[in-house]
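Visitor: Here is a sequence together with a model predicted from it:
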Amino acid sequence: MQYISHYKSPIGNILLAADDIGLTGLWFEGQKYFALYLDKELEEKEISLFKKVKYWLDIYFSGEEPDFTIPLHFIGTGFQKEVWKILYSIPYGHTMTYGAIAKQIAIKRGIERMSAQAVGGAVGHNEISIIVPCHRVVGTNGSLTGYAGGIDKKIKLLTLEKVDIQHFFIPKKGTAL
């Protein structure tokens, strides 16, 4: 059984989802892949985990780094989970490229290379935005591309974390806008 709750953030309404293991989803309303893997059977209920998540988000949106973790339950393929664990390790206020994530996976698997595009697909399908910080992933060339919540939200989140975004740019065209 999954449970849902809502959170009003300064940059848009958020839907939260959880099960008995942990947080399974955190989506901005209307984002790409919104609630893609949400169970058909669910209940809107203010479980204790949601109180903890909302407190985490309150701290985050105040411009501070929360100093506690949230129990997570990744629902996806093995490859997606591998990518999401790397996303989760990106420090507050820092960024990482799709290529760097691909290189980490290649090294871990003992292979010569991994596709940055495959990594991009997994990043784009991250079900737990903000807490699993896919907004911290940027293109190798400095492009601010590929945030399912929208580039405007990606910029706001990076700015909130005091990331110097002056050396990044928004691509004029592309499939990941």
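Guide: Sure thing, it's come through.

Visitor: Please tell me how far the residue sitting nearest the centre point of the chain sits from Ala35.
Guide: Closest to where the C-alpha atoms of the chain average out (C-alpha atoms, centre = their mean) is Ser129, at 3.0 Å. Going from Ser129 to Ala35 by C-beta to C-beta, to the nearest Å gives 12 Å. Just so you know, the C-beta spots here come from the backbone N, C-alpha and C atoms, and that holds for glycine as well.

Visitor: Which neighbours do the two have in common?
Guide: Residues touching both Ser129 and Ala35 by C-beta atoms under 8 Å, 6 or more residues apart in numbering: Trp27.

Visitor: residues making contact with stretch 46-56?
Guide: With C-beta under 8 Å, 6+ apart as the criterion, stretch 46-56 contacts 3, 5, 7, 16, 18, 22-23, 26, 66, 68, 70-71, 131.

Visitor: Next, format those residues as a markdown table and append pLDDT and distance to Tyr88.
Guide: Listed next are these as a markdown table, based on pLDDT from 0 to 100; distance: C-beta to C-beta, whole Å:
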| residue | pLDDT | distance to Tyr88 |
| --- | --- | --- |
| Tyr3 | 97 | 22 |
| Ser5 | 98 | 21 |
| Tyr7 | 98 | 20 |
| Leu16 | 98 | 17 |
| Ala18 | 97 | 16 |
| Gly22 | 98 | 12 |
| Leu23 | 98 | 12 |
| Leu26 | 97 | 13 |
| Pro66 | 98 | 13 |
| Phe68 | 98 | 14 |
| Ile70 | 98 | 10 |
| Pro71 | 98 | 12 |
| Ile131 | 98 | 8 |
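
Visitor: So which of the residues you listed are in helices?
Guide: Counting by DSSP state H, none of the members of those fall within helices.

Visitor: Looking at the residues you listed, which is nearest Met96?
Guide: For the contacts of stretch 46-56, the minimum distance to Met96 (C-beta to C-beta) is 16.1 Å, reached by Ile131.
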